[in-house]
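1. Have a look; sequence and predicted model below, questions after that.
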Amino acid sequence: MVRVRFAPSPTGYLHIGNARTALFNYLFARKNKGKFVLRIEDTDKERSKREYEEGIIEDLKWVGIDWDEGPDIGGPFGPYRQSERLSIYRDIAEKLLKEGKAYKCFCTKEEVEGRTKETGYDGKCRNLTKEEIEKLEKERKEYVLRFKVPEKKKVKVNDLIRGEVEFETDFITDFIIMKPDNTPTFHFAVVVDDVLMEITHVIRGEDHLSNTPKHIMLFEAVGGKIPQFAHMSMTLGSDRTRLSKRHGATSVRFYKQEGYLPEAFFNYITLLGFGITEGKEIFTKEELISEFSIERCNKSNAVFDPEKLLWMNGYYIRNSTPERLFQLSLPFLKKACLVKEPLSEEKKEEIKKLIYLHREKVKTLKEIPLWIDYFLTDEINYEEQCIKEYLGENSKKILSELLPYLEECSDFNKDLLESQLKKFFDEKKYKTKDVFHPLRVALSGRMRGPGIFELLEFLGKEKVIKRLKRITNKETRK
């Protein structure tokens, strides 16, 4: 059975590049009816924080990624944590030490750098005698465990994306597997976990390719089955350098907070560096699972385009149901103080219709309060440019003349409003733009929005008359 894992370090929130790695592992597992394992690599005591772990888990769930197993019996499964498995690493390290595959190194970091700053560790402690080791231990010298890299060996990596890559061990120095505090290094912990968790495929970023010969040697030393490797292309910014903060937001959390839909994020990130059906860009999760294969992953780096993601998000908003849009928008409306719970069913339906009415203009959920606030409050924020262009004295005069025609309407339905406005134009001889633009701005404070008759109908007669009287009889409140 296929078994893959996603193993983030909780030293920050989930990065776009890491989310892409998680997605590729998830899709591969689901496509092959396999298992997807979540493992937190938290042995870095200084930088690892539980708040980041919780944030990563929350963000993975938001994207739509779930995992299949963990140490919590009875579910929902929590992730495996390396910090809870330290005794396992220590036991296996001790076994390698006894077998002569690892050795105690008493050199300090400063000593190593002083001797071999550019070439790496020089193997000074590799052949210490038993007596020398005992003497150094009696002096209470701290030590690390180093892996004894086999000499003059070629390590081949049969990468599913990059093909065969060969490394020579003469260019790999003996590396640390256990630190002075008896905790494992990344290289050692990741291999032990992959062996014990029976991981069959390791799908990760190209930046880990240089680590792979070390991992293969450790797999062989531990006696575990070597998984198949697939090193994904890197995720780059628009300038084709590694995606970083200088390119703008790089965390998944930012896009969640800005009002992106998880299905839009899932869709777009999956398509980065993955060859899929030509001419098609919108896919359901099920379609992406069906389409996914390692062989179709590109070797060339993927360029993250925020504008393309924004376009895709707008598409998903336009094609969401009114109920889903309402539920997703509610947190943003609450934050803007436009709604307070409990909401009556009547109010829910009103807001639901409002959001759906504006869906064509909205690109993120965060924009929704800005588009519909003038429906839910009488405090209109008039855009300065709107006032300058559309609410001059002549425009106010036109709106004053329009008022009686609207007051005559017994009902503010679209057909009656169209009939009354036609009558106004026939009698007053005004051009449509001379009326509709000032009318829209007077009622909403902005130049764009739904059709003018939809706007009138939805606001209702009372609000429309009240706002027009305020505009035509008093100074506009900014």
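-> Sure, I can see it.
2. So what touches the helix or strand that contains residue 309?
-> Here residue 309 is covered by helix 306-318, with elements defined by DSSP states H and E. Helix 306-318 has contacts (Cβ atoms under 8 Å, 6 or more residues apart in numbering) with 248-249, 255, 260-261, 263-265, 267-268, 281-282, 325, 359-360, 362-365. Backbone N, C-alpha and C define where each C-beta goes, glycine included.
3. at 10 Å instead, please
-> 16, 237-238, 247-249, 255, 258-269, 271-272, 281-282, 305, 324-325, 328-329, 355-356, 358-365, 367-368 (Cβ atoms under 10 Å, 6 or more residues apart in numbering).
4. which residues touch residue 49?
-> Contacts of residue 49 (Cβ under 10 Å, 6+ apart): 10-12, 42, 55.
5. same thing but at 6 Å, please
-> By Cβ atoms under 6 Å, 6 or more residues apart in numbering, the contact set of residue 49 is residue 10.
6. What's the separation between it and residue 12?
-> 9 Å (Cβ to Cβ, to the nearest Å).
7. burial count for residue 426?
-> By other Cβ atoms under 10 Å, 9 other residues sit near residue 426.
8. can I get the CA coordinates of the host helix or strand of residue 131 in CSV?
-> Using DSSP H and E, the element containing residue 131 is helix 130-138. C-alpha atoms of helix 130-138 as CSV (Å, rounded to 0.1, in the frame of the first residue of the first chain):
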residue,chain,number,x,y,z
LYS,A,130,38.5,2.8,23.3
GLU,A,131,40.9,4.2,25.8
GLU,A,132,40.8,7.7,24.2
ILE,A,133,37.0,7.7,24.3
GLU,A,134,37.0,6.7,28.0
LYS,A,135,39.5,9.4,28.8
LEU,A,136,37.4,12.1,27.1
GLU,A,137,34.2,10.9,28.8
LYS,A,138,35.9,11.0,32.2
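9. Going forward, the N-terminal residue is numbered 53.
-> All right, first residue 53 from here; so that's helix 182-190.
10. by contact count, what packs against the longest helix along the chain?
-> For the chain, the longest helix by residue count, based on DSSP state H, is helix 504-525. For helix 504-525, the packing partners by 3 or more Cβ pairs under 6 Å, 6 or more residues apart in numbering; DSSP states H and E come out as helix 445-459, helix 466-480, helix 484-496.
11. The residue nearest to residue 210 when sequence neighbours are not counted: which element?
-> The shortest distance from residue 210 to any non-neighbouring residue, by Cβ to Cβ, 6 or more residues apart in numbering, is to residue 216 (5.5 Å). Assigned by DSSP H and E, residue 216 belongs to strand 215-220.
12. what's that strand packed up against?
-> Going by 3+ Cβ pairs under 6 Å, 6+ apart, strand 215-220 lies up against strand 206-211.
13. Can you give me the neighbour number for residue 510?
-> 17.
14. before we move on, what about residue 322?
-> When neighbours are counted by other Cβ under 10 Å, residue 322 comes out with 22.
15. My read is that it contacts residue 75, right?
-> Yes: with contact defined as Cβ atoms under 6 Å, residue 322 reaches residue 75; the gap is 5.4 Å.
16. what about the strands in the stretch 303-452 of the chain?
-> 354-355 (DSSP state E, counting those that start in this stretch).
17. before we move on, what about the stretch 53-202 of the chain?
-> In the stretch 53-202 of the chain, the strands defined using DSSP E, counting those that start in this stretch lie at 55-58, 87-92, 132-133, 154-157, 196-199.
18. on that earlier part again, check the helices and strands packed on helix 504-525 for me and report the most buried one.
-> helix 484-496 (a mean of 19; mean count of other Cβ atoms under 10 Å).
19. avg pLDDT for that one?
-> For helix 484-496, the mean pLDDT works out to 93.
20. same for that helix, what does it pack against?
-> Under the contact definition 3+ Cβ pairs under 6 Å, 6+ apart, helix 484-496 sits against helix 436-442, helix 445-459, helix 504-525.
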